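Visitor: one predicted model, sequence on top.
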Amino acid sequence: METVLLVIDLMVILALIVLVLLQRSEGGGLGMGGGAGGGLVSVRGSANLLSRATKYLAVAFFTISLALAAISGQNRQPSSILDAAPAAPAAPTSQEQPAQPGVPLSN
């Protein structure tokens, strides 16, 4: 179920990107697309259709994302960092002396 929702969410994301890029810029914030007669979509009815479709896809994106977050959190078991900590190596006692490095012998 989680994989299916994830694939649907990715398709909604791609559709949102395409719809946002198809819309004409009204404010001219980037300095392009706001001129008279310019832009890919110049008919007002098509612009309303694109904005409505963007709104519905945005709602679908947020809903699916929240559902994915809820599903992924259901099967989690509480855990502690201390449970997974490796055991500390035993320190050498005073009776055990570490081995001294050997002296190299020449020919």
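Guide: Perfect, thanks for sending it. Numbering: from 1, shown residues only.

Visitor: state the helix or strand in which Gln100 lies.
Guide: Gln100 is part of no helix or strand, with elements assigned from DSSP states H and E.

Visitor: for Val18, same thing?
Guide: Secondary structure assignment for Val18, by DSSP H and E: helix 2-22.

Visitor: which positions in that helix come out as buried?
Guide: For helix 2-22, burial by neighbour count (16 or more other C-beta atoms under 10 Å) applies to 9, 12, 16, 19. Any C-beta I mention is one placed from the backbone N, CA and C, and that applies to glycine too.

Visitor: quick one, what contacts Ile71?
Guide: If a contact means C-beta atoms under 8 Å, 6 or more residues apart in numbering, then Ile71 has 1-2, 5 as its contacts.

Visitor: would you list the phi and psi of it?
Guide: phi -70, psi -40 (degrees, to the nearest 10).

Visitor: just the pLDDT for it.
Guide: With respect to pLDDT, Ile71 scores 90.

Visitor: could you do Gly102 as well?
Guide: pLDDT, Gly102: 74.

Visitor: what's around it, how many residues?
Guide: A total of 6 residues lie near Gly102 under the criterion other C-beta atoms under 10 Å.

Visitor: for it, helix, strand, or coil?
Guide: Three-state assignment for Gly102 (DSSP: H, G, I helix; E, B strand; the rest coil): coil.

Visitor: give me phi/psi at it?
Guide: Note on Gly102: backbone dihedrals following degrees, to the nearest 10 are phi -70, psi 150.

Visitor: OK, contacts around it?
Guide: Contact analysis of Gly102 by C-beta under 8 Å, 6+ apart lists nothing.

Visitor: of all pairs in the buried residues of helix 2-22, which one is the farthest apart?
Guide: Every pair in the buried residues of helix 2-22 was compared (C-beta to C-beta); the two farthest apart turn out to be Asp9 and Leu19, at 15.6 Å.

Visitor: returning to what we had before: identify, from the buried residues of helix 2-22, the entry nearest to Ala69.
Guide: Ranked by distance to Ala69 (C-beta to C-beta), those are led by Asp9 at 11.0 Å.

Visitor: look up how far Leu21 lies from the closest one.
Guide: Asp9 sits at a distance of 19 Å from Leu21 (criterion: C-beta to C-beta, to the nearest Å).
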